[in-house]
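> Coordinates only, no sequence provided:
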């Protein structure tokens, strides 16, 4: 063994979790090393070429508010932007961007290479080095030792990765990379419990071999959309996506070959994602469905590769060809990369603290798919929190802990460490109890204070945020103080949009509460309203329309926070408590929640258990 540099923080992995973790810790002033298997695969998108969507888009906005990088990167590398769920309420509006995958990677690599306090190194990590329960660094396959006060594992799907399609199976990571074989053994040796998950990808096909005349055109939105409030959005020439469907012939081909499927033949042992199933799973589990959606998504401006979204599979290569060519528009499609499944090790996430530090090893953090989650956005959100908290631990600062009531990232981490997961975890808006408050449009209002607190938002960014807050305050007062006159002009405008005319003049604020009245209508009735930026006008439209519902949710949040503030002593002896069920005692002792609120969310812990626990905690405090 020979010693390389000593660092404050070492980040293992350069995917979306590793990128945010390394940038956060280095920007907070910690000397950081990012170690990766391959410098050419930084921020690789081995699966779908997109960022955002329901709940995931919310996370990207939150990353931006906290001073992370993902939103800025996708705003500079998108090939299509669409706002999803526009026919539904603002709580579930979801921005989604198709990415130029290579451009996204190139931009990310440049940001990392130019970041102060950050060294980028290509190497394979074989071991974590632990002494007396504390992390000391990592050891590479060349026996180089990288000393560190904190280590963040962001290894994605590479731990003992195994690629499988048909009867082909070999050790490997995504997109033909090699796997990290020894790091799992090192984690197990140090008392970290691992399990096995599986995910998969569809084939990629040559766009020149697609018959687009048989497909349904899916354009991007015309308006200039962006994820970042603090970056510079570069309007892009948008490329369309395309929609087609499987059919009964496709499904029969799959049924005829299920005996050759590694998923159904027992070759694949890991649990797959419920919300992104393979096409084999769809056909077997939904036999009444005559067709399934297939989205064809271009992977960039300078490639003909097209991602066949909805056709994830591990069937043999010859079956993939036959199956593809049964789909309208793909009768002559040429496969460039076959679809495959990948099995990999992950850390059972209930072993993590709310800061994403492992409970057993001080200074060892983990983020992303190694924690059992799926998705680039979930990984990036965890990476950012792990990076901030690793740096905060070294610098003696309080950690950043986001509550479920203030961020989707808080929901994500709380779900993982309290409830665990028995399948690759995907964040959805339905997982958030307070989603009307946790919207895309107000992520900066909720979280920018934390980005500033930890030094990740610059003076310029903070001034921009303060200006927006002031504009919202002033515009709200303006709406309360300006009247819409009841006259023929207002009558015509209101009747045109299907709402009743004014019986008497009313404030613009009051009129805004009508469902049919948008900020554009207010701007038509009172042109002075246009003097405020569109982002402010849109924000006020949502806040005013849903004011009553938001107030109710705020009261629920206050009640929730009271339970979160009821702390449980670190050394509380759960196993010796009487009156609590055996299952609850065992789970409480294993997970060791920080608060009554967390304890109440553990599966198997009943309200009766919580009532007894609260009494016993007070008794314990009195005895101490």
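Cool, got the structure. Note that the structure is a prediction, hence the values are computed from the model and not measured.

> what ranges do the strands span in the stretch 401-550 of the chain?
Applying DSSP state E, counting those that start in this stretch to the stretch 401-550 of the chain gives strands spanning 483-484, 506-507.

> contacting residues around the first one?
For strand 483-484, the external contacting residues (CB atoms under 8 Å, 6 or more residues apart in numbering) are 490, 502, 505-508, 511, 522, 525-526. For glycine as for every other residue, the C-beta is placed from the backbone atoms N, C-alpha and C.

> Now restrict those to buried residues only.
490, 502, 508, 511, 522, 525-526 (16 or more other CB atoms under 10 Å).

> Could you single out the nearest of those residues to residue 225?
If you rank the buried ones among the contacts of strand 483-484 by distance to residue 225 using CB to CB, residue 522 comes first, at 21.6 Å.

> if I pick that closest one, what's in contact with it?
By CB under 8 Å, 6+ apart, the contact list for residue 522 reads 479, 484, 508, 511-512, 529, 537.

> so, if you compare those, which one comes nearest to residue 222?
residue 537 (18.3 Å).

> Confirm for me that residue 155 is in contact with residue 379.
No. Judged on CB atoms under 8 Å, residue 155 makes no contact with residue 379 at a distance of 10.6 Å.

> Find residues that contact each of the two.
Between them, residue 155 and residue 379 share these contacting residues under CB under 8 Å, 6+ apart: 368-369.

> quick one: which of the two has more around it?
residue 155 (31 against 28; other CB atoms under 10 Å).

> Tell me which helix or strand the more buried one sits in.
Assigned by DSSP states H and E, residue 155 belongs to neither a helix nor a strand.

> just checking, residue 61 touches residue 443?
Yes. Using CB under 8 Å, residue 61 makes contact with residue 443 at a distance of 3.7 Å.

> Return every residue with contacts to both of these two.
With the criterion set as CB under 8 Å, 6+ apart, the contacts of residue 61 and residue 443 do not overlap.

> about what we covered before: tell me which of the strands of the stretch 401-550 of the chain lies nearest to residue 462.
Once the strands of the stretch 401-550 of the chain are compared by CB to CB, strand 506-507 is nearest, at 32.5 Å.

> which phi and psi does residue 307 have?
The phi/psi pair for residue 307 (degrees, to the nearest 10) reads phi -90, psi 130.

> that older thread, which one of the contacts of residue 522 is nearest to residue 98?
Nearest to residue 98, judged by CB to CB, of the contacts of residue 522 is residue 537 at 27.6 Å.

> Look at that closest one and say how many residues are nearby.
Neighbour count for residue 537, taken as other CB under 10 Å: 21.

> So it sits against residue 475, correct?
Yes. Proximity of residue 537 to residue 475 meets the contact threshold set by CB under 8 Å, at 7.2 Å.

> circling back to that earlier point, among the contacts of residue 522, name the ones in helices.
479, 508, 511, 537 (DSSP state H).

> circling back: so what sits against both of residue 537 and residue 475?
residue 529.

> picking that back up, if we only consider the contacts of residue 522, which is nearest to residue 244?
residue 537 (38.6 Å).

> how close does the closest residue to the closest one other than its chain neighbours get to residue 542?
The spatially closest residue to residue 537, leaving aside those adjacent along the chain, is residue 519, at 4.1 Å (CB to CB, 6 or more residues apart in numbering). From residue 519 across to residue 542, the span is 10 Å (CB to CB, to the nearest Å).

> quick revisit: could the strands of the stretch 401-550 of the chain go into JSON lines alongside distance to residue 268 and mean pLDDT?
What follows is these, written out as JSON lines (distance: least, CB to CB, whole Å; pLDDT from 0 to 100):
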{"stretch": "strand 483-484", "distance to residue 268": "63", "mean pLDDT": "92"}
{"stretch": "strand 506-507", "distance to residue 268": "62", "mean pLDDT": "94"}
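
> Reformat the ones you listed as CSV; add distance to residue 81.
Converted to CSV, those look like this (distance: least, CB to CB, whole Å):
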stretch, distance to residue 81
strand 483-484, 34
strand 506-507, 35
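
> out of these, nearest to residue 449?
Across those, residue 449 has its closest neighbour in strand 506-507 (30.7 Å, CB to CB).

> For that closest one, give me every contacting residue.
Contacts with strand 506-507, where a contact means CB under 8 Å, 6+ apart, come from 479-484, 486.

> which residues of the chain score low on pLDDT?
1, 233, 235 (pLDDT under 70).

> mind listing the helices for the stretch 101-250 of the chain?
Taking DSSP state H, counting those that start in this stretch, the helices of the stretch 101-250 of the chain run over residues 101-113, 183-189, 248-256.

> that older thread, so which of the ones in helices among the contacts of residue 522 comes closest to residue 255?
Taking the ones in helices among the contacts of residue 522 together and measuring to residue 255 by CB to CB, the closest member is residue 537, at 53.6 Å.

> okay, now the domains of the chain?
Listed domain ranges for the chain are 2-199+344-453, 204-340, 472-550, 566-623 (source: automatic domain parsing).

> mind checking which of these is nearest residue 466?
domain 2-199+344-453 (9.2 Å).

> Point out the one among the strands of the stretch 401-550 of the chain that comes closest to residue 134.
Closest approach to residue 134 among those (CB to CB): strand 506-507, 61.4 Å.

> how close does residue 426 get to residue 47?
For residue 426 relative to residue 47 (CB to CB), the value is 12 Å.

> Same question for residue 409.
Taken as CB to CB, the span from residue 409 to residue 47 is 21 Å.

> What segments of the stretch 1-150 of the chain are strands?
Going by DSSP E, counting those that start in this stretch, the stretch 1-150 of the chain shows strands at 2-12, 32-36, 50-52, 78-84, 94-99, 118-122, 125-131, 134-140, 144-153.

> out of these, nearest to residue 548?
strand 94-99 (23.8 Å).

> Sheet partners, orientation included, of that closest one?
As defined by DSSP bridges, the strand partners of strand 94-99 come to strand 50-52 (antiparallel), strand 78-84 (antiparallel).

> Turn those into JSON lines, including distance to residue 357 and mean neighbour count.
Putting the strands paired with strand 94-99 into JSON lines (distance: least, CB to CB, whole Å; neighbours: other CB atoms under 10 Å) gives the following:
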{"stretch": "strand 50-52", "distance to residue 357": "27", "mean neighbour count": "28"}
{"stretch": "strand 78-84", "distance to residue 357": "34", "mean neighbour count": "22"}
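
> and residue 284, which of these is closest to it?
strand 50-52 (26.6 Å).

> Contacts for the closest one, please.
Contacts to strand 50-52, defined as CB under 8 Å, 6+ apart, come from residues 57, 60, 70, 74, 78, 94-99, 227, 297, 376-377.

> tell me how far that strand is from the chain's mean position?
Its chain's C-alpha centre and that of strand 50-52 lie 9 Å apart, by CA atoms, centre = their mean, to the nearest Å.

> Right, I'll leave it there.
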